[in-house]
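>>> Build me a structure from this.
(chains A and B)
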Amino acid sequence: MTIDKSRGYRVFQGVNAVILTGVVIVTLYPFINILARSFSEERYIVSGQVNLIPRGFNLTTYKIVVSDPMFWTNYGNTVLYTVVATAIAMVLTTCYAYVLSKPHLKGRTLLIWVAVFTMIFSGGLIPQYVLVNSLGLTNSIWAIVLPNAISVFNLLVMKAFFEGLPHELEEAAAIDGLNTYGVLWRVVLPLSKAVIATMVLFYAVSFWNSWFTAFLYLSKTELFPVTIYLRNLIAGATGAESAGASLSEVSQAASNIQSVTIMLTVLPILAVYPFVQRYFVSGVMLGAVKG
Amino acid sequence: MSTTLDNPPQNARSARPAPSRRRQAKPGTWRHAIRRDWQLYSLAILPLLFFAIFRYAPMIGNVIAFRKFEPGGSIFGESWVGLRYVKMFLNDPSFWSVFTNTLVLGALTLLFCFPLPIALALLLNEVRSRRVKRFLQSVSYLPHFLSMVIVAAMVMQMLAVDGPINQIVKAFGGEATPFIQKPEWFRTIFVSSEVWQTVGWGTILYLAALTTIDEQLYEAARMDGAGRWRQVWHVTLPGIRPTAITLLILNIGTFMATGFEKVLLLYNPLTYPTADVISTYLYRMGVESSSMSYAAAIGLFEALIGVVLILSANLMSRRAVGTSLW
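Numbers count the residues shown, from 1 in each chain, chains lettered A, B, ... in the order given. Just a heads-up that it's a prediction; the model follows:
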């Protein structure tokens, strides 16, 4: 587009800059505020003096939170659940997406509909809950990793990617004597690193962030992921008071401990976010192209 | 399956004359397809098991909405009770209040969360510097990657009595308000946090669609004397219309399930009058009070409305503008 230098356009650019700056401020402010709170002394927080810069800088609350063994147990659980669930999800999604990407396959439309129909209509919370309970998965890692092992959105993204691969390569490999498994493992997957990386990210973030399945199916504290630790902190159910009471010389209020826990929970995502963000974007686009 | 052993008729197929088995099956038949692609089909077994157990079994499990369910008994219930549970919730005044809340929250969310990403995408599209644009996008996507628990925690911190919002209120001479405890504030809180969380991420597809619009259309529009606004109106907006409609259909499809997790995290008995939605109500009925059949009946009702909504949105958009999901 040629650069339009008219007065009206310059005014528009100015207004636009103001609006977008506002968007940035509104988006980032909560993060910075909570970061500032996490380093601040309680009395400044309660009197409402902490905005963007910590007041009465101290690391006491961080020490309280990281010295709670349950925090680390739950943090470890989150890592474990994320790794196992992502691995299972990737195997199932890749296999099914590969099958769906073969246009000649008889019954392919039916197989696609089996997946897509679950996007339109789902069994709902209660039957799912009854099912998981009666399968005896409650209070085990399987309750977390199995019920959401395939995301149909991710499945369709992967299928679209596989469909775009040159199928002459696969034919050549088949003529050279590879069977279907060999073709998938030695030809298709090495060509699909980009989409695999994207899908691993999609799954890992969703499992890292998930809390509701754990909330429903886990009742033992030592099995909780860190999201439930944080939720209970918000709900004021456990943790904060007992952890704070053990170090009563510094009475840190729950809101301070919450800020610290939020920061520690969100840290891995914030740390990898700048590096992986573009993969997410390309993944979403890929999914959109297919529609 | 042990029954096959003592059940000779099962062997009917293998009792056929041997040559017919060795002969090439006719192309196009299932036998031919399975013989040729059995390895592909075998890859589908585990995923199909997943769908059967964790997606389709619960669908069938919805029969407990019409059957009496005993804890520890069959997941499909014990005996038929007909429409008892359906009648029960239709006569339940708290059901109608959560029904209304669901509609209001869904409508407000749709009203704000659907058009705002379009507006933001149009504004971002006008940014000339690539670096600035990338920075803006990175920042606006960020909230999308947070756990709902973290979003809820942040909302509560922002709205706490000693939080930033109340600091602003006090700076203008107002009284600090415990927003989280006020039913009249819940809808505002819910919708604005929803916007905060989704608006940036929602721009991705529109920005992609904007890059596909043909430059020549803008030139042609300028030739015809169209100003900036007219160019937006006659070129840009029609260019992103298919994307917008697709997303609108999807949004309408999730209308009934709006923000279940967030409501569950943000509400409390004080805010039930405006915050309690069908899904949270059925969660309390089913999981907390163990009235599984009653809750399943409500869940089925909710899911059916969702299906009707998405099917009719799809149909309408196909009739009106020729874009549809399938």
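
>>> How many neighbouring residues does the residue lying closest to A:Thr138 once chain neighbours are set aside have?
Distances taken as Cβ to Cβ, 6 or more residues apart in numbering or on different chains put A:Tyr217 closest to A:Thr138, at 5.1 Å, once the chain neighbours are dropped. C-betas here are computed from N, CA, C, even on glycine. Using other Cβ atoms under 10 Å in any protein chain shown, A:Tyr217 is surrounded by 19 other residues.

>>> Would you confirm that A:Tyr217 contacts A:Gly136?
No. The criterion here is Cβ atoms under 8 Å, and A:Tyr217 misses it with A:Gly136 at 10.9 Å.

>>> So for chain B, the centremost residue is which one?
Nearest to the centroid of the C-alpha atoms of chain B, with distances taken as Cα atoms, centre = their mean, sits B:Thr254, at 3.8 Å.

>>> so that residue touches B:Gly306, yeah?
Yes. Counting by Cβ under 8 Å, B:Gly306 is a contact partner of B:Thr254 at 7.5 Å.

>>> Helices of the stretch 201-326 of chain B, residue ranges please.
Secondary structure of the stretch 201-326 of chain B (DSSP state H, counting those that start in this stretch): helices located at B:215-223, B:228-231, B:237-253, B:260-266, B:272-275, B:278-283, B:292-321.

>>> Next, find the distance separating B:Val307 from chain A.
Separation of B:Val307 from chain A (Cβ to the nearest Cβ, to the nearest Å) stands at 5 Å.

>>> Leaving out chain neighbours, which residue sits closest to that residue?
Nearest non-adjacent residue to B:Val307, counting by Cβ to Cβ, 6+ apart: A:Phe121, 5.3 Å away.

>>> Report the residue spans of the stretch 1-150 of chain B with pLDDT below the cut-off.
B:1-25 (pLDDT under 70).

>>> mind listing the strands for it?
In the stretch 1-150 of chain B, the segments counted as strands under DSSP state E, counting those that start in this stretch are B:67-68, B:79-80.

>>> which one of those lies closest to B:Val149?
Closest approach to B:Val149 among the strands of the stretch 1-150 of chain B (Cβ to Cβ): strand B:67-68, 35.1 Å.

>>> Provide the strand pairings for that closest one, with the direction of each partner.
Applying DSSP bridges, strand B:67-68 is found paired with strand B:79-80 (antiparallel).

>>> Could you list the residues in contact with the partner strand?
With contact meaning Cβ atoms under 8 Å, 6 or more residues apart in numbering or on different chains, strand B:79-80 is reached by B:66-68.

>>> do the same with stretch B:236-255
Against stretch B:236-255 from outside (Cβ under 8 Å, 6+ apart): A:120, A:288, A:291, B:106, B:110, B:113-114, B:118, B:121-122, B:125, B:202, B:205-206, B:208-210, B:212-213, B:217, B:306, B:309-310, B:313-314, B:317, B:321, B:323-325.

>>> Filter the residues you listed down to the buried ones.
For the contacts of stretch B:236-255, a burial check counting by 16 or more other Cβ atoms under 10 Å in any protein chain shown picks out A:120, A:288, B:106, B:110, B:113-114, B:118, B:121-122, B:125, B:202, B:205-206, B:208-210, B:306, B:309-310, B:313-314, B:317, B:323-325.

>>> How much space separates B:Trp80 from A:Leu178?
According to Cβ to Cβ, to the nearest Å, B:Trp80 stands 54 Å off from A:Leu178.

>>> neighbour-wise, which of those two wins?
A:Leu178 (16 against 10).

>>> Nearest spatial neighbour of that one, chain-adjacent residues omitted?
Closest residue to A:Leu178 apart from its sequence neighbours, by Cβ to Cβ, 6+ apart: A:Arg186 at 6.5 Å.

>>> Next: B:Ser324.
Once flanking residues are discounted, B:Ser324 sits nearest to B:Arg318: 3.8 Å by Cβ to Cβ, 6+ apart.

>>> Hmm, the one you found is touching B:Leu311, no?
No. With contacts counted by Cβ under 8 Å, B:Arg318 stays clear of B:Leu311, the gap being 10.7 Å.

>>> show me the contacts for the closest residue to B:Tyr141 other than its chain neighbours.
Once flanking residues are discounted, B:Tyr141 sits nearest to B:Gly200: 4.9 Å by Cβ to Cβ, 6+ apart. Shown in contact with B:Gly200 (Cβ under 8 Å, 6+ apart): A:23, A:27, B:117, B:120, B:137, B:139-144.

>>> Which member of those is positioned nearest A:Met70?
When the contacts of B:Gly200 are ranked by distance to A:Met70 (Cβ to Cβ), B:Pro143 comes first, at 27.6 Å.

>>> and the closest residue to that closest one other than its chain neighbours, how many neighbours?
Of all residues not flanking B:Pro143 in the chain, B:Gln197 sits nearest, at 4.5 Å (Cβ to Cβ, 6+ apart). Per other Cβ under 10 Å, the neighbour tally for B:Gln197 reads 23.

>>> State the number of residues packed around the residue nearest to A:Phe57 when sequence neighbours are not counted.
Counting by Cβ to Cβ, 6+ apart, A:Phe57 lies nearest to A:Phe39, which is 5.4 Å off, once chain neighbours are set aside. Residues contacting A:Phe39 under the criterion other Cβ under 10 Å number 21.
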